[in-house]
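> turn this into a model:
(2 chains)
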Amino acid sequence: MIAFAWNNKLFAVSLAVIVLLVAAGILAPWLQPYDPFQPDYGSKLQKPSLQHVFGTDYLGRDIYSRVLLGIKHSVFPAFIVLMLVVLISLILGTLSGYYGGRLDMLLMSITDLFVAVPNILLTIVIIGFLGFGMENVYLAIMLSWWARYVRIIRGLVHDVKKEPYMLASRVSGSFGLPHMARHILPNMMPQVLTLSILDVSRVILTLSGLSFLGIGAQPPSPEWGVMLLDGKSYLQIAPWMGFFPGLMVFMTACAFQISGEKLRSRYKLK
Amino acid sequence: MASIDHRGLDMFRYLMGRLGMLAFTLFLLTMFVFTLMHMAPGDPAALMLQGFGATPDENMIAFYQNKWGLDQSFLMQYVSWLMELAKGNLGNSYLTNKPVVEEIGSRISMTLLLLISSFTLTFLISVPLGLMAGLREKSLIDRILYGATVLGLSVPLYWLAILLMLSFGVIWPIFPIIGGGSVSHYVLPVAAISMVQSVYFIRMIRSFTVEYKKTPYLEAAISRGIKRRMLYPSYLFRSMLVPVLTIVGTSFPSFFGATIIIENVFSFPGIGKYMLDTIYNRDYPVIQGCSLLLAATIFILNFVTDVSYYMADPRIHLEKQRWEN
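Numbering: from 1, shown residues only, chains lettered A, B, ... in the order given. Sure, this is the predicted structure:
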């Protein structure tokens, strides 16, 4: 990994951006120059300046401080959601690919259903029926993502099963759960990890997109999508209100996209 | 090698199997939507009566629960709901008390027009660019396009839309930024959707071009001395038609997802905005109707794509399965 980063400058840069972002997200309470929630009516809708690098919003809150705290609300949930999705799909996909048969067929027709529906539509349906709230948003995102992963992991299991060492391990009497855990799982990990790094950008885009539509995080939150939605109403007088949060989403997604694609071409994945 | 008779039988078998799968998927869909509707908070009878403008008391709610069959078991309710569905009755909106079908019908044409025009523009942008990148692999233009697609995959659609609004609606006001109706209302939404969607198309078409460039029959044609001007249209493009048509057929969900976002950014009065508005009003029959209709459309489109794909070339079915595995 280090040698790869040394030889590939673009990968190194995007990795550095990710590390910096995570660090800034953790250290936000100490880095922010202003309180991200405290309105200051004396200095509302100010242009970016030395006092307020990204300007202030309609309540006079410092946008830089809010964007910084926003990392915790926009990026970190994406990690958690994806980790859960990968965990669930690893279990289901491995079982389905390993045993095949009826279970496999049932799972595949269910995943068919979920793969075909656009994420946004599924999320709207879930939020629409079950009500607002971040836990429903996470549920909806997991529901719209797991199927794709189950299918990919099932495919990977099929690939791994064809390898000669699988035959060797079978011949030496390994089967069932220990067999999967020791021989199949480790051999798909690079692919699964690469895929999830690529998908971090998509989950971040979706999460902030939902907040932007008003069905994700709700207003006092410094989530980037929420800030963008606020900014939309002040487009004509304070365009910086929406510009910087959007730029952050773009930059973050870009960093994950580039590092994911570089890793993918390194591991020669499709 | 199968004989012709065999092929007909195979095709029939395939069609039946695929049709069965479609039926099963649609059944799962109705189950899913109905269960969600059942889990929704609030009593449907009370909500419906409020839709009529009444302030119902307990007796009244109990009376209407009985009248509308809402006190029956889950399964019975599901069956009677399916019967109504088969007749094309999606229920009435809690808010306006008009049939959901009517409400959807009055908005669907705007969304369809938006979808079709952004789709056409996407196609017009990405086919030449994808071909160019694929034919001149690793050239400067290929690398520039690759960089552009990385940016395109990471740009938030709603942010791009807002930047377009800012540039062409505020700073240089040549297009309206909210509402729908006239032709000029379509320009910015269509531009935003196409810019983001063409990224996928360019990448796909590029990789198909690279792949098909290496096929033996193309090399044979080159070695026979066929001129380049003839070569690409009659050899390369023709063989790429089927895979390209498939991505066209399966791209509807992602286009629709983009449309929902864009309609809400531009306050464009189509289905996507309507669906989101109904969430705020907790108008469950409408959410149910819209999601059912849209998901069913997607499944049927997928079915048609798969079947026509198979009809065009039965080998591909096997290949595609392998690819998915």
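> after the helix or strand where B:Ala161 lies, which helix or strand is next?
Secondary structure assignment for B:Ala161, by DSSP states H and E: helix B:157-165. Using DSSP H and E, the helix or strand that follows helix B:157-165 in sequence is helix B:184-213.
> check whether that next one contacts chain A.
No - on the criterion C-beta under 8 Å from any C-beta of the partner chain, helix B:184-213 is out of touch with chain A, staying 9.5 Å away. No exception for glycine: its C-beta is placed from N, CA and C like everyone else's.
> and that helix, what's its mean pLDDT?
For helix B:184-213, mean pLDDT is 89.
> taking helix B:157-165 as reference, get the angle to that helix.
120 degrees (axes from the mean of the first three to the mean of the last three C-alpha atoms, to 10 degrees).
> relative to helix B:184-213, how tilted is the following helix or strand past helix B:184-213?
Counting by DSSP H and E, the next helix or strand C-terminal to helix B:184-213 is helix B:216-223. Going by the same axes, to 10 degrees, helix B:216-223 is angled at 80 degrees with respect to helix B:184-213.
> packing partners of helix B:216-223?
Using 3 or more C-beta pairs under 8 Å, 6 or more residues apart in numbering or on different chains; DSSP states H and E, the elements in contact with helix B:216-223 are helix B:228-231.
> give the other helices and strands that the helix it packs on contacts.
Using 3+ C-beta pairs under 8 Å, 6+ apart: helix B:228-231 touches helix B:216-223.
> convert the C-alpha atoms of the helix it packs on to PDB, please.
Output of helix B:216-223 as PDB, limited to C-alpha atoms (Å, rounded to 0.1, in the frame of the first residue of the first chain):
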ATOM      1  CA  PRO B 216     -11.100 -11.200 -34.500                       C
ATOM      2  CA  TYR B 217     -13.600 -10.200 -37.200                       C
ATOM      3  CA  LEU B 218     -12.500  -6.600 -37.000                       C
ATOM      4  CA  GLU B 219      -8.900  -7.600 -37.300                       C
ATOM      5  CA  ALA B 220      -9.800  -9.800 -40.300                       C
ATOM      6  CA  ALA B 221     -11.600  -6.800 -41.900                       C
ATOM      7  CA  ILE B 222      -8.500  -4.700 -41.300                       C
ATOM      8  CA  SER B 223      -6.200  -7.300 -42.800                       C
END
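> host element of B:Pro253?
Per DSSP H and E: helix B:252-265 holds B:Pro253.
> can you check B:Leu28 too?
Going by DSSP H and E, B:Leu28 is in helix B:4-39.
> so after that helix, what's the next helix or strand?
helix B:44-51.
> list the buried ones in that next one?
For helix B:44-51, burial by neighbour count (16 or more other C-beta atoms under 10 Å in any protein chain shown) applies to B:Pro44, B:Ala45, B:Ala46, B:Leu47, B:Met48, B:Leu49, B:Gly51.
> isn't the first one right next to B:Tyr64, touching?
No - because the distance of 9.5 Å does not satisfy C-beta atoms under 8 Å, B:Pro44 is recorded as not touching B:Tyr64.
> can you list residues touching both of those two?
B:Leu70 (C-beta atoms under 8 Å, 6 or more residues apart in numbering or on different chains).
> chain A versus B:Tyr64, what's the distance?
21 Å (C-beta to the nearest C-beta, to the nearest Å).
> which helix or strand contains the closest residue to A:Asp199 other than its chain neighbours?
Excluding the flanking residues, the one nearest A:Asp199 by C-beta to C-beta, 6 or more residues apart in numbering or on different chains is A:Leu82, at 6.1 Å. Assigning secondary structure by DSSP H and E places A:Leu82 in helix A:76-99.
> how far does the helix or strand just after that helix sit from the chain's center?
Sequence order places helix A:101-116 as the next helix or strand after helix A:76-99, per DSSP H and E. With C-alpha atoms, centre = their mean, to the nearest Å as the basis, helix A:101-116 stands 24 Å off its chain's centre.
> other residues contacting the helix or strand following helix A:101-116?
Heading C-terminal from helix A:101-116, the first helix or strand you meet, by DSSP H and E, is helix A:119-130. Outside helix A:119-130, the residues that touch it by C-beta under 8 Å, 6+ apart are A:114, A:136-137, A:139-141, A:143-145, A:206, A:209-210, A:215, B:33, B:36-37, B:39-41, B:253, B:256-257, B:260-261, B:275-276, B:278-279, B:284, B:287, B:291, B:294-295.
> restrict helix A:119-130 to CA atoms and write it as CSV.
Extracted in CSV, the C-alpha atoms of helix A:119-130 (Å, rounded to 0.1, in the frame of the first residue of the first chain):
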residue,chain,number,x,y,z
ASN,A,119,-32.1,4.4,-4.2
ILE,A,120,-33.9,7.7,-4.0
LEU,A,121,-37.3,6.1,-4.7
LEU,A,122,-36.8,3.4,-2.1
THR,A,123,-35.7,5.9,0.5
ILE,A,124,-38.7,8.2,-0.3
VAL,A,125,-40.9,5.2,0.2
ILE,A,126,-39.3,4.2,3.5
ILE,A,127,-39.3,7.7,4.9
GLY,A,128,-42.8,8.3,3.6
PHE,A,129,-44.3,5.4,5.4
LEU,A,130,-42.1,5.2,8.5
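> now do it and helix A:101-116, the angle between them.
100 degrees.
> report the buried residues of helix A:119-130.
A:Asn119, A:Ile120, A:Leu121, A:Leu122, A:Thr123, A:Ile124, A:Val125, A:Ile126, A:Ile127, A:Gly128, A:Phe129, A:Leu130.
> average model confidence for that helix?
According to the model, helix A:119-130 has a mean pLDDT of 82.
> tell me the first helix or strand C-terminal of it.
Next along from helix A:119-130, by DSSP H and E: helix A:134-161.
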